[in-house]
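Chemist: Give me the fold of what follows.
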Amino acid sequence: MTGSDASPADSPSSLPSSPSPSPSSFRLAYVPGVTPSKWVRVWNERLPDVPLTLLALTPAEAFGALREGAADAGLVRLPVDRDDLSAIPLYTETTVVVIPKDHLLAAAEEVTVEDLAEELVLHPLDDTLGWEQLPGLPANERPATTADAIELVAAGVGVLAVPQSLARLHHRKDLTYRTLTEVPQSRVALSWRAADEAPDLVEEFIGIVRGRTVNSTRGRRAEAQKGQKQPKDQKQRKSGATPGRSGKPGAGSRTAGKSAGRKPGGAGGSGRGRTGGKPRKRS
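Modeler: Model prediction:
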């Protein structure tokens, strides 16, 4: 499955049964809610000879794929176990509360924790927000997944706080969501197996997600550019040399060392006036 064929609804069963690393391909895992399409598009433009395969996995499966070598890198949610994985944060998501369209809170632009005091707040087992204390009233049981919690909200059983991308992923016509303030937020990161130095293809993808230009990207492209001869005009710019006469003292100018002051009797003391030409004859 290539980047053009992948979608958030891809089954976790797309995970290869056994690792088969290849230097001519790049396997990128991503968790629900994360959309890697813009980075995949840049990858295909810069490295058309290196196929990028997308693996849509649950958070637990994504970390397992990275550790087992079934994925070269992954777009996951923090926290990441730094004992065996490396990670760089990419962005922080807005937290929203998912509610029925006819709910009283649907009339508000933003919702606070205090607004949820009398609400049954669902807490799925795959929660990504890491609550220290869940707001509202606790449910008797925790839904197994966020998808299950969405079904309960649609049935009128409680509300659900999630990253905005997950609310969009599980969109339903009978549900809506509002920004939830002063609550934990989910942070998305790029992760790969810990090593002294990231592999070349991982470094290429790091450059893409960080917005590096083609010339500044590290990895294979940078290595390929080493040792190439520089154009002559580029060398001159680096050395500070300027073609032609500079006209500065000591740089080949004929006026070097002469005083710029004016002497009595006109320019240069010639006595011929300002024009410096011959005096006119009187008729």
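Chemist: buried ones in stretch 34-54?
Modeler: Val34, Pro36, Trp39, Val40, Trp43, Leu47, Val50, Pro51, Leu52, Thr53, Leu54 (16 or more other CB atoms under 10 Å). No exception for glycine: its C-beta is placed from N, CA and C like everyone else's.
Chemist: could you pull out the strands for the chain?
Modeler: 26-30, 52-56, 73-77, 85-92, 95-100, 110-111, 120-122, 137-138, 159-163, 175-180, 187-193 (DSSP state E).
Chemist: In JSON lines: these, plus mean pLDDT.
Modeler: Formatted as JSON lines, the strands of the chain follow (pLDDT from 0 to 100):
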{"stretch": "strand 26-30", "mean pLDDT": "98"}
{"stretch": "strand 52-56", "mean pLDDT": "98"}
{"stretch": "strand 73-77", "mean pLDDT": "98"}
{"stretch": "strand 85-92", "mean pLDDT": "96"}
{"stretch": "strand 95-100", "mean pLDDT": "98"}
{"stretch": "strand 110-111", "mean pLDDT": "98"}
{"stretch": "strand 120-122", "mean pLDDT": "97"}
{"stretch": "strand 137-138", "mean pLDDT": "92"}
{"stretch": "strand 159-163", "mean pLDDT": "98"}
{"stretch": "strand 175-180", "mean pLDDT": "98"}
{"stretch": "strand 187-193", "mean pLDDT": "97"}
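Chemist: Now distance to Asp200 too, for these, in TSV please.
Modeler: Listed next are these as TSV, based on distance: least, CB to CB, whole Å:
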stretch	distance to Asp200
strand 26-30	10
strand 52-56	14
strand 73-77	12
strand 85-92	15
strand 95-100	36
strand 110-111	45
strand 120-122	44
strand 137-138	49
strand 159-163	32
strand 175-180	41
strand 187-193	12
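Chemist: Tell me who's in contact with the closest residue to Leu116 other than its chain neighbours.
Modeler: Leaving aside its sequence neighbours, Leu116 sits nearest to Gly136 (CB to CB, 6 or more residues apart in numbering; 4.1 Å). Neighbouring residues of Gly136 by CB atoms under 8 Å, 6 or more residues apart in numbering: Leu116, Ala117, Glu118, Glu119, Leu120, Val121, Val159.
Chemist: top of these by neighbour count?
Modeler: Val159 (26 neighbours; other CB atoms under 10 Å).
Chemist: So that one is in contact with Val96, correct?
Modeler: No. Using CB atoms under 8 Å, Val159 makes no contact with Val96, being 10.3 Å away.
Chemist: quick revisit: I'd like the contacts of Gly136 written out as TSV, with distance to Lys101 added.
Modeler: Listed next are those as TSV, based on distance: CB to CB, whole Å:
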residue	distance to Lys101
Leu116	17
Ala117	22
Glu118	19
Glu119	16
Leu120	18
Val121	18
Val159	12
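Chemist: Nearest to Gly69 among those residues?
Modeler: Val121 (38.8 Å; CB to CB).
Chemist: what are the bridge partners for that closest one, then?
Modeler: Pro138, Val159 (DSSP bridges).
Chemist: residue contacts, it?
Modeler: Leu134, Pro135, Gly136, Leu137, Pro138, Ala139, Gly158, Val159, Leu160, Ala161.
Chemist: 6 Å instead, please
Modeler: Residues near Val121 by CB atoms under 6 Å, 6 or more residues apart in numbering: Leu134, Pro135, Gly136, Val159.
Chemist: got TSV for these, with distance to Pro100 too?
Modeler: Output for the contacts of Val121, formatted as TSV (distance: CB to CB, whole Å):
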residue	distance to Pro100
Leu134	20
Pro135	18
Gly136	15
Val159	9
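Chemist: Which of the strands of the chain sits closest to Phe205?
Modeler: The nearest among the strands of the chain, by CB to CB, is strand 73-77 at 5.8 Å.
Chemist: partners of the closest one in the sheet?
Modeler: Short version: by DSSP bridges, strand 73-77 pairs with strand 26-30 (parallel), strand 187-193 (antiparallel).
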